[in-house]
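Peer 1: Output the structure for:
(one chain, ligands or ions: 1)
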Amino acid sequence: MSRTPVSARERSVGTVAMRWHGGSLELLDQRLLPDEEHWITLEGASGVAQCIREMVVRGAPAIGISAAYGVALAARHAGGGDWKAEIKQAIRELAASRPTAVNLFWALQKMEQEFAGCHSLDEAVKRLAKVAVQIHEEDLAANLAMADNALAHMAAEKPFSVLTHCNTGALATGGYGTALGVIRRLHEKKLLKDVFADETRPWLQGSRLTAWELAQDGIPVTLNADGAAASILAAGNVRWVIVGADRITANGDVANKIGTYSLAVLARHHKVGFMVVAPSSTVDMALASGKDIPIEEREGTELRQIRGVSIAPAGAKVFNPVFDVTPASLIDVIVTEKGIVSTPNVTGMKSLFS
Ligand SMILES: CSC[C@H]1O[C@H](OP(=O)(O)O)[C@H](O)[C@@H]1O
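Peer 2: Residues are numbered from 1 along each chain as shown. From the prediction side, this is the model:
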């Protein structure tokens, strides 16, 4: 996998996590941010699956979009023998990359449905590339619509402060962002006083990615330790906690980055609004509740080291679930591009997703 430095001009069009070139996909290596901006060029599904697994690209929608491009690359570079078997294998490899974000499986299902209608390799190359681009473009459009829906719901007239967790911006999506898209829109409308960004241990999506994205856009951001969120909410300066999601079940339970559940408990205790912002590709109506969501556990080195520097004994036992489940009862509103679900429950979810 080669690396191409990003040019100043390309960066000027706004933060993006990926660039599609038809025969190749470039991914911004998010493991190296904020210090280095390097792009990795992929020409096959195996490389894309590895980049998802190793979090070169991460974020529920971005994972789904990248996987869709991975399937399109599998067709584009198929050997011409049993091309159908090659594409099916590509889908299997991509599906095995990470378990929690349902966007991955939603995108692969759309690609599989399109593939089923292809009767020649040439047709598959054209149709799969078209659907992958469509998935990308629809995600960006969804983010812009969610920002509108969230601001309409908040109906704010004066600037206020928010707190967010992990990274839910352009780096995690097809562009603009989910929760961070709402924050971008609040800033655009001059309704944003400050953004408290949890550093989000152990992978540091907040300090490395969210603080970087907001600085790129000149949006005020205050980085805080995860453990400081309680005192920040207790001080009464935050009106909303706004987060993303990796999977939302039929009753409104939400899987999101580890630490989200404790934020929801704190928000309810301190009477601060708790908003989840996610496109409908994150909704999994096939699962009745959050207890059914597969929670990814990652390597212990993610807690024992930072960039190869030990911060714990080499043999320390580690428990590293990278998502948790927030019950619907602690969520004030779920914002999607199709509309909002206030005090989410089965009935409310069915009203939008039946
Ligand atoms: C809009 S991104 C959704 C979600 O994805 C992140 O997880 P990860 O960085 O491990 O892929 C985080 O949970 C975000 O809230």
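
Peer 1: quick one: what helix or strand has Phe105 in it?
Peer 2: helix 102-116 (DSSP states H and E).

Peer 1: Can you name every helix or strand that that helix contacts?
Peer 2: Packing partners of helix 102-116 (3 or more CB pairs under 8 Å, 6 or more residues apart in numbering; DSSP states H and E): helix 60-76, helix 83-95, helix 121-154. In short, each C-beta sits where N, CA and C put it, glycine included.

Peer 1: Pull the residues that contact that helix.
Peer 2: Residues from elsewhere that reach helix 102-116, judged by CB atoms under 8 Å, 6 or more residues apart in numbering: 52, 60-61, 63-65, 67-68, 71-72, 75, 87, 91, 94-95, 97-98, 124, 127-128, 131-132, 135, 246-247, 279, 281-284.

Peer 1: make it 6 Å
Peer 2: With contact meaning CB atoms under 6 Å, 6 or more residues apart in numbering, helix 102-116 is reached by 60-61, 63-64, 67-68, 71, 87, 91, 95, 127, 131, 135, 247, 281-282, 284.

Peer 1: tell me, which of those make contact with the ligand?
Peer 2: Restricting those to those adjacent to the ligand (criterion: CB under 6 Å from any ligand atom) gives 60-61.

Peer 1: picking that back up, dump the helices and strands packed on helix 102-116 to TSV, plus mean pLDDT.
Peer 2: Formatted as TSV, the helices and strands packed on helix 102-116 follow (pLDDT from 0 to 100):
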stretch	mean pLDDT
helix 60-76	98
helix 83-95	98
helix 121-154	97
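
Peer 1: Highest average neighbour count across these: which stretch is it?
Peer 2: Greatest average neighbour count among the helices and strands packed on helix 102-116 goes to helix 60-76 (a mean of 29), per mean count of other CB atoms under 10 Å.

Peer 1: how far is that one from where the chain is centred?
Peer 2: 14 Å (CA atoms, centre = their mean, to the nearest Å).

Peer 1: That one versus helix 121-154: what angle between them?
Peer 2: Relative orientation of helix 60-76 versus helix 121-154 (axes from the mean of the first three to the mean of the last three CA atoms, to 10 degrees): 170 degrees.

Peer 1: Skip ahead from the helix-or-strand element of the chain with minimal mean pLDDT and say which helix or strand is next.
Peer 2: Least confident element among the helices and strands of the chain, by mean pLDDT, DSSP states H and E: helix 8-12 (a mean of 34). Per DSSP H and E, helix 8-12 leads on to strand 18-20 as the next helix or strand towards the C-terminus.

Peer 1: after that following strand, next one along is what?
Peer 2: strand 25-28.

Peer 1: which helices and strands does that next one pack with?
Peer 2: strand 38-42 (3 or more CB pairs under 6 Å, 6 or more residues apart in numbering; DSSP states H and E).

Peer 1: ok, residues contacting the next helix or strand after the strand it packs on?
Peer 2: Scanning forward in sequence from strand 38-42 by DSSP H and E, the next helix or strand is helix 45-53. Residues from elsewhere that reach helix 45-53 (CB under 6 Å, 6+ apart): 1, 27, 42, 57, 63, 66, 70, 73-74, 90, 93-94, 97-98.

Peer 1: Can you report how many residues lie near Pro294?
Peer 2: Pro294 is flanked by 13 other residues according to other CB atoms under 10 Å.

Peer 1: count of residues packed around the residue nearest to it when sequence neighbours are not counted?
Peer 2: Excluding its sequence neighbours, the residue lying closest to Pro294 (CB to CB, 6 or more residues apart in numbering) is Pro99, at 4.3 Å. Pro99 is flanked by 17 other residues according to other CB under 10 Å.

Peer 1: The residue of the chain most remote from its centre and the ligand, how far apart?
Peer 2: Most distant from the centre of the chain: Gly81, at 35.9 Å, with distances by CA atoms, centre = their mean. Plainly put, Gly81 is 35 Å away from the ligand if you go by CB to the nearest ligand atom, to the nearest Å.

Peer 1: need the contact list for the residue of the stretch 251-354 of the chain found nearest the ligand.
Peer 2: When scored by CB to the nearest ligand atom, the stretch 251-354 of the chain has Lys257 as its residue closest to the ligand, at 3.4 Å. Counting by CB under 6 Å, 6+ apart, Lys257 touches 165-166.

Peer 1: who does it bridge with?
Peer 2: Phe323 (DSSP bridges).

Peer 1: got the residues of the chain near the ligand?
Peer 2: Near the ligand, when you scan the chain using CB under 6 Å from any ligand atom, you find 58-61, 166, 168, 172-173, 178, 205, 243-244, 246, 256-257, 322.

Peer 1: Please identify which of those residues is nearest to Arg19.
Peer 2: Proximity of the residues of the chain next to the ligand to Arg19 (CB to CB) peaks at Thr173, which lies at 14.4 Å.

Peer 1: Isn't the closest one up against Pro61?
Peer 2: Yes. In this structure Thr173 lies within contact range of Pro61 using CB atoms under 6 Å: 4.2 Å.

Peer 1: and for these two, which residues touch both?
Peer 2: Counting by CB under 6 Å, 6+ apart, the residues touching both Thr173 and Pro61 are Asp139.

Peer 1: where does Asn251 land in three-state SS?
Peer 2: What DSSP: H, G, I helix; E, B strand; the rest coil gives for Asn251 is coil.
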